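Undergrad: Here is a sequence together with a model predicted from it:
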Amino acid sequence: MTSTLLPSTGKPTRTIRRQSPLLRVMGWELRRSCTSRLFWLQALGFFCLSSFMIWARQIPLTLNHMQANVLFLGYVAGTSAWGLLMILPSGTLMLLGLLLPFVNADGVTRDLHRHTHELLMATALPIRAYVWGRYLAGLVMSLGLALLLLAAILGMGLFLHLTVADYPAPEIGIVLLLWVGMIVSATIVVSSLSFALGTLLPRLATLVKTVILLAWFVGVEIISIELGDASHAANFSLPAWYINWDPTSNGISLGLFNKYMTDFSNLASKATSTAQMQHGILTVENSLIDLAGWFAPHLLLAGLSLLLVLVAALAFKRSREVLN
Amino acid sequence: MELMIDRLSKRYGQHVALRELSLRCEPGLLGLVGPNGAGKTSLMRMIATLLEPTEGSIRWNGQDTRTHGGALRQVLGYLPQDFGIYPEFTGRQFLRYLAAMKGLPGALLNRRVDEVLSIVNLEQEADRKLPTYSGGMKQRIGIAQALLNDPELLIVDEPTAGLDPAERVRFRTLLASLTRNRIIMLSTHIIGDVEAVANRLVILREGRVLADTTPEALLARTAGSVWSVTVDQATALQLQASYQVSTMINQMNGLTLRIVSTTRPHETAVVVDPSLEEAYLLATNRQEVRL
């Protein structure tokens, strides 16, 4: 170590401000995450697992229909609108929902645990920029995972279309709509909830992750088991608010099943040949039923979850005594 | 530049960490010493705006840091006692990251990072991942980040804890080289750290200022209160039980003790020149010694 006098940069050090603090925090946080090999391995693992799950559920729902001595054995393609509505909530979307609390909950609390908090809080960095920058960096990474899921759906859909007979090509417009309505909205909700609660309750960050993870699992799997069998009954119906507002999209899956089946049966009853039946199922599986009912509420949920982040940002104090 | 601390108190529930502490600091190196739990870290955190005072105020150039904390943080360099790193980063990336958080723009940022790396002599290791750094190198990265914004107020809390003697000496020399045109507050319970570099010494105990002086004045005040005596082991044990013994050396003709006491501890004891550590011991234990 030398004992050189510190070269002074004088005024410019203290007055030049070019990039907004929010963008600075966000950019550097993303850069920090990108330097981690683990981050890339997780992203690759998620993409591969998502692709595998879509491939494994390529025949999620086999339909046997007997009409006028014509026996039809068909299936709903997993990457069609009907197929995605059926398989996403309990498949790849649940996987994403279980992963996101770990990406977001520690956005701010990680600094407390690593003892880097004091270094950052002693700088002139505005608190709002720090909290929102960390949140947005986490959200960008989460949306990156959602994009990987979209790539897995489209990529695997195309692969199956090219390799499996009669497997329809994914309708890009429909897949994008469902991606925005189901996956993006869920990504924002889980990311915001995880980040806000993790920031408000820094000592309970692990508990926050566990509770959100369990809540998502229960919301998808337990309710699915409870209602799944009943949903196949002809007179089954779910409350509209559950179908429209359930952030896991499991409500849509359960609620719209009978509507799709009804549409299919109506077409199938008029069919006189296997070809007509096949055409019928293709028509039904790529139609979006009741899109308006749940699409807007899901986006609204995502918007509301941002309010939680706002609360966390307002409640965050530079001089919080959690340090002690 | 001036830092004014006025009747500052800090309480954690029933525990009082600081009691109506007042200080006025001007450029130079202020050594803040005191036993563990004296309130040094609480004081430093409050100055760094990381803790809210319970009572009293801290003013930087006349502005209360509660309402104008941003102005202080613009010119603050802070090295906490226990700071963490981002294991994903190299030393250079870590400094760039913190320089960006401090608001340094791109071109200046890179130049400044190179400068502070040179100051702490870490240019060769700058591109190694931080987890591979030794304790001393981590401390040097810590001081480097505190210097990034060319601070007017530099606060370093127990910077030499865990460093080997050679690193400690280098660290002290580095701090001494930085004193021009800035206020440096160096908190430590190792007197040797401040002995050579501080031009002002504040001794804290139980949240109060026990002495606000210079090392020279403290030494002068201790003159005649440090004794050297060589005795047998049994007598040495008796003396140790009754007086503040600063050193005990085993020699051929018995044990040689250095004793801090305002009265002659033994008929063969002779007055010797005090070290700053002994002056500190006398100041912090004066009450007990009197009892």
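TA: Cool, got the structure. Residues are numbered from 1 along each chain as shown, chains lettered A, B, ... in the order given.
Undergrad: In chain B, what residue comes closest to chain A?
TA: In chain B, the residue that lies nearest chain A is B:G84 (3.4 Å; C-beta to the nearest C-beta). To be clear about C-beta, it is placed using only N, CA and C from the backbone, and glycine gets the same treatment.
Undergrad: That residue falls within a strand, correct?
TA: No: B:G84: not assigned to a strand; according to DSSP: H, G, I helix; E, B strand; the rest coil it is coil.
Undergrad: list the buried ones in the helix or strand hosting B:R258?
TA: Counting by DSSP states H and E, the element that carries B:R258 is strand B:254-260. Along strand B:254-260, the positions that meet the burial threshold by neighbour count (16 or more other C-beta atoms under 10 Å in any protein chain shown) are B:255, B:257-260.
Undergrad: I'd like those as JSON lines, with distance to chain A and pLDDT appended.
TA: Compiled in JSON lines, the buried residues of strand B:254-260 are given as follows (distance: C-beta to the nearest C-beta, whole Å; pLDDT from 0 to 100):
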{"residue": "B:L255", "distance to chain A": "38", "pLDDT": "92"}
{"residue": "B:L257", "distance to chain A": "36", "pLDDT": "94"}
{"residue": "B:R258", "distance to chain A": "31", "pLDDT": "94"}
{"residue": "B:I259", "distance to chain A": "36", "pLDDT": "94"}
{"residue": "B:V260", "distance to chain A": "32", "pLDDT": "93"}
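Undergrad: out of those residues, who's nearest A:E285?
TA: Within the buried residues of strand B:254-260, distances to A:E285 taken as C-beta to C-beta reach their minimum at B:V260, with 90.3 Å.
Undergrad: Now do the closest residue to the closest one other than its chain neighbours: how many residues are near it, please.
TA: Closest residue to B:V260 apart from its sequence neighbours, by C-beta to C-beta, 6 or more residues apart in numbering or on different chains: B:Q244 at 4.3 Å. Summarising burial for B:Q244: neighbours were counted as other C-beta atoms under 10 Å in any protein chain shown, giving 21.
Undergrad: Likewise for B:G62?
TA: Using other C-beta under 10 Å as the criterion, B:G62 is surrounded by 8 other residues.
Undergrad: do you know how far it is from B:E2?
TA: Computed with C-beta to C-beta, to the nearest Å, the distance linking B:G62 and B:E2 is 7 Å.
Undergrad: now B:G106
TA: Using C-beta to C-beta, one gets 33 Å for the distance from B:G106 to B:E2.
Undergrad: OK, contacts around the residue in the stretch 51-200 of chain A that chain B sits nearest to?
TA: Across the stretch 51-200 of chain A, no residue is closer to chain B than A:H115, which sits at 3.4 Å (C-beta to the nearest C-beta). Contacts here follow C-beta atoms under 8 Å, 6 or more residues apart in numbering or on different chains; on that basis A:H115 touches B:80, B:82-84.
Undergrad: hang on, the residue of chain B closest to chain A packs against A:T116?
TA: Yes: B:G84 is within contact range of A:T116, at 4.4 Å (criterion: C-beta atoms under 8 Å).
Undergrad: list the contacts for the residue nearest the centre of chain B?
TA: Nearest to the geometric centre of chain B sits B:S187, at 2.1 Å (C-alpha atoms, centre = their mean). When the contact criterion is C-beta under 8 Å, 6+ apart, the partners of B:S187 are B:32-33, B:40-41, B:43-44, B:81, B:155-158.
Undergrad: How many residues are close by A:W241?
TA: The number of residues packed around A:W241, counting by other C-beta under 10 Å, is 10.
Undergrad: doesn't it fall inside a helix?
TA: Yes: the secondary structure assignment for A:W241 places it in a helix, going by three-state DSSP.
Undergrad: Run a quick neighbour tally on the residue of chain B closest to chain A.
TA: If you count neighbours by other C-beta under 10 Å, B:G84 ends up with 18.
Undergrad: Spatially, what comes nearest to B:A126 if we skip its sequence neighbours?
TA: In space, B:A126 is closest to B:R92, 4.2 Å off (C-beta to C-beta, 6+ apart).
Undergrad: would you list the contacts of B:S187 in CSV and tack on secondary structure and neighbour count?
TA: Listed next are these as CSV, based on DSSP: H, G, I helix; E, B strand; the rest coil; neighbours: other C-beta atoms under 10 Å in any protein chain shown:
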residue, secondary structure, neighbour count
B:L32, strand, 27
B:V33, strand, 27
B:K40, helix, 25
B:T41, helix, 21
B:L43, helix, 29
B:M44, helix, 24
B:Q81, coil, 18
B:I155, strand, 25
B:V156, strand, 27
B:D157, strand, 23
B:E158, coil, 21
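Undergrad: just how off-centre is stretch A:174-191 within its chain?
TA: Centroid separation for stretch A:174-191 versus its chain: 6 Å, with C-alpha atoms, centre = their mean, to the nearest Å.
Undergrad: Not counting its neighbours along the chain, what's nearest A:M26?
TA: Once flanking residues are discounted, A:M26 sits nearest to A:G133: 4.4 Å by C-beta to C-beta, 6+ apart.
Undergrad: quick one, what contacts that neighbour?
TA: For A:G133, the contacting residues are A:21-26, A:29, by C-beta under 8 Å, 6+ apart.
Undergrad: Also B:E2?
TA: Each residue near B:E2 by C-beta under 8 Å, 6+ apart is listed here: B:24-26, B:59-62.
Undergrad: cool, B:L72 as well?
TA: With C-beta under 8 Å, 6+ apart, B:L72 has these contacts: B:49, B:60, B:63, B:65, B:153.
Undergrad: what number of residues lie near the residue nearest to B:T179 when sequence neighbours are not counted?
TA: With C-beta to C-beta, 6+ apart as the criterion, B:T179 has its nearest non-adjacent residue at 4.8 Å, and that residue is B:L29. Other residues near B:L29 number 22, with proximity taken as other C-beta under 10 Å.
Undergrad: what's the domain layout of chain B?
TA: By the assignment in automatic domain parsing, chain B contains the domains B:3-217, B:220-290.
Undergrad: near chain A, which residues of the stretch 101-250 of chain B show up?
TA: Proximity of the stretch 101-250 of chain B to chain A is assessed by C-beta under 8 Å from any C-beta of the partner chain, with B:101-106, B:108, B:111-112, B:115, B:118-121, B:140, B:145, B:147, B:149-150, B:167, B:170-171, B:173-174, B:176-178, B:180-181 identified as the residues in range.
Undergrad: Quick check: which element contains residue 22?
TA: Going with chain A. Secondary structure from DSSP H and E places A:L22 in helix A:21-34.
Undergrad: To clarify, I was referring to chain B.
TA: Of the helices and strands defined by DSSP H and E, B:S22 is found in strand B:15-25.
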